[in-house]
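Predicted model, plus sequence, below.
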Amino acid sequence: MSCDEKKFLEFAETVTKIKYDDNDTVIVCGDFNQSGIKRIKADDGDYYLPMNVTTEGGVAVIDTMLGCGFHQMCNLENAAGNVLDLVFTNRFYDLSLSESLTPLIETDVWHKAIEVEITIDENESELNDVTEFYKYEAADFVAMNEFFVGRDISTEIEQQDDIENSFRMFENVVYEAMDKFVPKVTVEKSTDPPWYNKQLKNLNNRKRKAHGRSKITNDFADYMAITDSFVALQGQLFQTYISRIQSDIKSNPKHFWRFVNDRRKRSEIPSIVEYNNQTAISDASKAELFANFFESQYIPSDDIDLDNLLSECGDNAFDIELNEADVLKALLSINVNKGAGPDIIASGNCAKHFEKRENNTDF
């Protein structure tokens with residue numbers, strides 16, 4: 001065994017010891033000096049699969065990376081047509097790779113300067129892995145109605161000194177009812193691409209286990225067979241996923257934009273913000289420009305005398321009688337594709353779980 005082969009085997013063993021969580025982005029890169037190996041682009045993402053790997057060290061590196069869930073992203077050929085510098089990552093959909101046009105140091109004909117851009121969602125953290133939702137279909141609406149009837153909300157509202165406090169009081173009562181009578185469910189955030197299904201996840205687990213056995217027995221036949229099945233199924237699922245998005249783009253464009261956002265993984269404010277012939281670089285100056293923009297979208301209402309308008313209203317101006325049909329009609333008019341507002345109440349559940357009442361409700 002040559003010295004280089006021994007180094008590759010030692011390197012492969014070291015990679016298996018890397019510890020990271022699902023939300024961590026790991027990048028393993030360097031000059032692997034593996035000439036003569038060609039790579040083809042994968043069907044389901046911007047990474048490359050090696051062809052005709054023959055050396056023991058090369059097989060060890062490739063098998064280890066695949067077994068650890070790392071994908072190789074670089075296919076920049078040098079003057080001899082070889083790709084010597086490789087970039088492996090566990091989250092290829094968060095990275096983009098290109099040849100650098102402004103290298104930090106002088107390069108040679110054998111190694112091109114590589115520029116890697118990684119997109120990190122600043123809001124992504126371990127706390128966001130698990131999210132709680134109200135499960136309205138399991139709510140006790142009968143008990144909730146009794147709760148509202150038992151509370152003299154109208155009297156409590158009248159005791160408030162302004163409309164803002166009245167609203168906050170009413171809001172607190174609604175939240176209290178939700179916490180008491182609407183159970184919550186915990187949903188774990190998935191880090192898998194949206195086209196992954198149960199069968200593909202199972203193959204991925206089998207592939208990792210087979211890789212572990214192969215390192216002991218030195219027989220990679222089973223591992224390579226499972227890997228081939230995994231790559232083939234992943235390509236099929238990805239193409240099916242793309243076809244479904246394309247066919248539904250007119251009737252349901254939200255799936256298309258969700259796909260774009262998932263691939264882009266970018267929600268940050270640009271490094272330079274320009275508005276009204278002004279340029280902002282710092283966070284404070286950017287916030288100021290945003291404030292100026294939103295302020296320009298609204299017309300000041302200083303000329304409206306709210307106290308005078310209220311004084312012209314009669315005693316019964318705000319006595320509104322609503323019946324069950326009026327409430328249901330309003331709930332059915334809500335766009336169920338919109339997300340929940342500040343009240344955290346999902347619009348798709350309002351009409352579906354509307355509890356009918358025999359008597360009219362007075363506000």
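On my side now, so go ahead.

first vs last residue of stretch 46-59, how far apart are they?
End-to-end distance of stretch 46-59 (C-alpha to C-alpha, to the nearest Å): 22 Å.

Pull out the buried residues from it.
Residues of stretch 46-59 classed as buried: 47-50, 53, 57-59 (neighbour count, 16 or more other C-beta atoms under 10 Å). In this view, the C-beta of every residue, glycine as well, is placed from N, C-alpha and C.

what's next to that stretch, contact-wise?
1, 4-9, 12, 34, 36-42, 62, 71-75, 92, 96-97, 220, 231 (C-beta atoms under 8 Å, 6 or more residues apart in numbering).

Strands - which of those land there?
The members of those that map onto strands under DSSP state E are 39-41, 71-72, 96-97.

Of all pairs in those residues, which one spans the longest distance?
Greatest spatial distance in the ones in strands among the contacts of stretch 46-59: 40 and 96, 18.9 Å, computed using C-beta to C-beta.

higher neighbour count, the two?
Applying other C-beta atoms under 10 Å to residue 40 and residue 96 shows that residue 96 carries more neighbours, namely 14 against 10.

Who are the contact partners of residue 248?
So residue 248 contacts 255-256 (C-beta under 8 Å, 6+ apart).

How much space separates it from residue 238?
16 Å (C-beta to C-beta, to the nearest Å).

The chain: helices as residue ranges?
3-15, 56-67, 141-150, 153-158, 163-181, 198-217, 221-247, 254-264, 283-296, 306-311, 324-332, 347-350 (DSSP state H).

Need the ones you listed in a markdown table (columns: mean pLDDT and distance to residue 272).
A markdown table is the format used below for these (pLDDT from 0 to 100; distance: least, C-beta to C-beta, whole Å):
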| stretch | mean pLDDT | distance to residue 272 |
| --- | --- | --- |
| helix 3-15 | 76 | 39 |
| helix 56-67 | 77 | 37 |
| helix 141-150 | 87 | 51 |
| helix 153-158 | 80 | 48 |
| helix 163-181 | 87 | 38 |
| helix 198-217 | 83 | 41 |
| helix 221-247 | 86 | 32 |
| helix 254-264 | 68 | 19 |
| helix 283-296 | 83 | 9 |
| helix 306-311 | 70 | 41 |
| helix 324-332 | 81 | 44 |
| helix 347-350 | 60 | 37 |
